[in-house]
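A.B. asks: Model the structure of this input:
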Amino acid sequence: MSVMPAESMDGANNSVVSEFVLLELSTSWEMKILLFFFFFSFYVGIMLGNFFIVFTVIFDSYLHSPMYFLLANLSLIDLGLSSTTVPRMITDIFSEHKVISFPGCMIQIFFIHVMGGTEMVLLIAMAYDRYTAICKPLHYLTVMNHKTCICFVAIAWVIGVIHAVSQFVFVVNLPFCGPNKVDGFYCDIPKVAILACTDTSWLVYVVIANSGLISMGTFFLLIISYIFILVTVRHHSSAGLSKAFSTLSAHVTVVFLFFVPCFFVYVWQVPMLSLDKFLLILVFLVTPLLNPAIYTLRNKDMKLAMKRLAKKIVRTRKIR
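C.D. replies: The predicted structure follows:
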């Protein structure tokens, strides 16, 4: 364990942890190779898929609408959320010493919660966008104007930062004097706080009150809003109900994949290694990859935009 000597205010000698040791994914060389290709291929897919959505929305004028503006921002957040943990996991697979510095660990915790909190609020904004488009189509462009969309995104980032800071200030000031082995593959508040040289049971309640409640509150708010949309559309026409259900099913899939792991990590904290692996893969690898897949493969506008983009690239090559 790496420690730095320090001296407390009363003059007594103390020690401060300067780095944390992360859990090893596997000791088998064959499994390490398999995990490397799995994580690497998923991360490349996340980068390409989400960057493609952002690029397409920016350069295709037909996609300059509130829905795709919010979708492009969701892709950027997914890129950030995945990049907080996955690149380090990939490099740590073959590393003999899976060590992360104290500042690096704190930075990882901070940005995980910034990105996570921002995505929660942005999903609410996307649900409101779909509610307005489906239930109030005549007022859609008036309500969801460019200024409103920018405000939604700005508010999402502000809430995300506040959500992260309100927990981060407690963790960064905790005394760490050993042990320094994190029971996980990345740094997060529940995993790091238990290593502190003081009673941190109170911090569990802070995490539940902050991350737990905001996660579950947002989840149930989104589900209720989707149900309300379906009920509203049902009173108008069965054809509209089918279209609305098709549109919202993609949103519901993303919501479940994002919030169910949050429930186990921040509300019902189960210290099971197998479950921890599953949650890590789901939150940082599967969900960010599913977002571009769901919104492109199931979306007619995105498919047409992809065709237009391909034609532009072909024309550019012919001119050259």
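A.B. asks: quick one: the helices in the stretch 201-320 of the chain?
C.D. replies: For the stretch 201-320 of the chain, the helices defined by DSSP state H, counting those that start in this stretch cover 201-207, 213-234, 238-262, 273-281, 287-297, 300-319.
A.B. asks: Which residues belonging to the first one are considered buried?
C.D. replies: What that stands for is helix 201-207. Using 16 or more other CB atoms under 10 Å as the test for burial, helix 201-207 gives L203, V204, V206, V207. To be clear about C-beta, it is placed using only N, CA and C from the backbone, and glycine gets the same treatment.
A.B. asks: what's next to that helix, contact-wise?
C.D. replies: Here helix 201-207 makes contact (CB atoms under 8 Å, 6 or more residues apart in numbering) with Q167, F170, V171, L174, I189, P190, A193, Y266, Q269.
A.B. asks: Show me just the buried residues among the residues you listed.
C.D. replies: Q167, F170, V171, I189, P190, A193, Y266.
A.B. asks: which secondary structure element contains the fifth one?
C.D. replies: Under the criterion DSSP states H and E, the helix or strand holding P190 is helix 189-193.
A.B. asks: Check the model's average confidence along that helix for me.
C.D. replies: Throughout helix 189-193, pLDDT has a mean value of 86.
A.B. asks: Give me the distance from that helix to the chain's centre.
C.D. replies: Counting by CA atoms, centre = their mean, to the nearest Å, helix 189-193 is centred 18 Å from the centre of its parent chain.
A.B. asks: Next: stretch 215-233.
C.D. replies: For stretch 215-233, the distance to the chain centre is 20 Å (CA atoms, centre = their mean).
A.B. asks: What lies in contact with that stretch?
C.D. replies: 120-121, 123-124, 127-128, 130-131, 134-135, 240-241, 244-245, 248, 251-252, 255, 259, 262-263, 266-267.
A.B. asks: Emit the PyMOL select command for whichever of these are buried.
C.D. replies: Here is the PyMOL command that selects the buried residues among those (16+ other CB under 10 Å):
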select buried, resi 120+121+123+124+127+128+130+131+134+135+240+241+244+248+251+255+259+262+266
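A.B. asks: Can you list the helices and strands that the helix holding P190 packs against?
C.D. replies: Here helix 189-193 touches helix 102-135, helix 146-172, helix 201-207, going by 3 or more CB pairs under 8 Å, 6 or more residues apart in numbering; DSSP states H and E.
A.B. asks: Return the shortest one as CSV; C-alpha atoms alone will do.
C.D. replies: Taking Å, rounded to 0.1, in the frame of the first residue of the first chain, the C-alpha atoms of helix 201-207 are listed here in CSV:
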residue,chain,number,x,y,z
SER,A,201,-22.2,5.1,7.8
TRP,A,202,-23.8,8.6,7.6
LEU,A,203,-22.4,8.9,4.0
VAL,A,204,-24.6,5.9,3.0
TYR,A,205,-27.6,7.9,3.9
VAL,A,206,-26.3,10.9,2.0
VAL,A,207,-25.8,8.8,-1.1
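A.B. asks: Now do it, average pLDDT.
C.D. replies: 81.
A.B. asks: next one: the first one
C.D. replies: Confidence over helix 102-135 (mean pLDDT, whole number) is 91.
A.B. asks: And stretch 42-58, by the same measure?
C.D. replies: 91.
A.B. asks: Any idea how far it is from the middle of the chain?
C.D. replies: Worked out by CA atoms, centre = their mean, stretch 42-58 lies 15 Å from the chain centre.
A.B. asks: Buried residues in that stretch, which are they?
C.D. replies: So for stretch 42-58, counting by 16+ other CB under 10 Å, buried means F42, Y43, I46, M47, G49, N50, F52, I53, V54, T56, V57.
A.B. asks: One more: stretch 158-176?
C.D. replies: Quick answer for stretch 158-176 (16+ other CB under 10 Å): I159, G160, V161, H163, A164, Q167, F168, F170, V171, F176.
A.B. asks: Mind putting these into TSV with pLDDT and distance to L282?
C.D. replies: Formatted as TSV, the buried residues of stretch 158-176 follow (pLDDT from 0 to 100; distance: CB to CB, whole Å):
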residue	pLDDT	distance to L282
I159	94	23
G160	94	20
V161	95	24
H163	92	20
A164	93	21
Q167	89	21
F168	90	24
F170	89	26
V171	90	23
F176	87	29
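A.B. asks: which of those lies closest to E19?
C.D. replies: For the buried residues of stretch 158-176, the residue nearest E19 by CB to CB is F176; the value is 10.0 Å.
A.B. asks: you'd agree the closest one is in a strand?
C.D. replies: No. Applying DSSP: H, G, I helix; E, B strand; the rest coil, one finds F176 to be coil, outside a strand.
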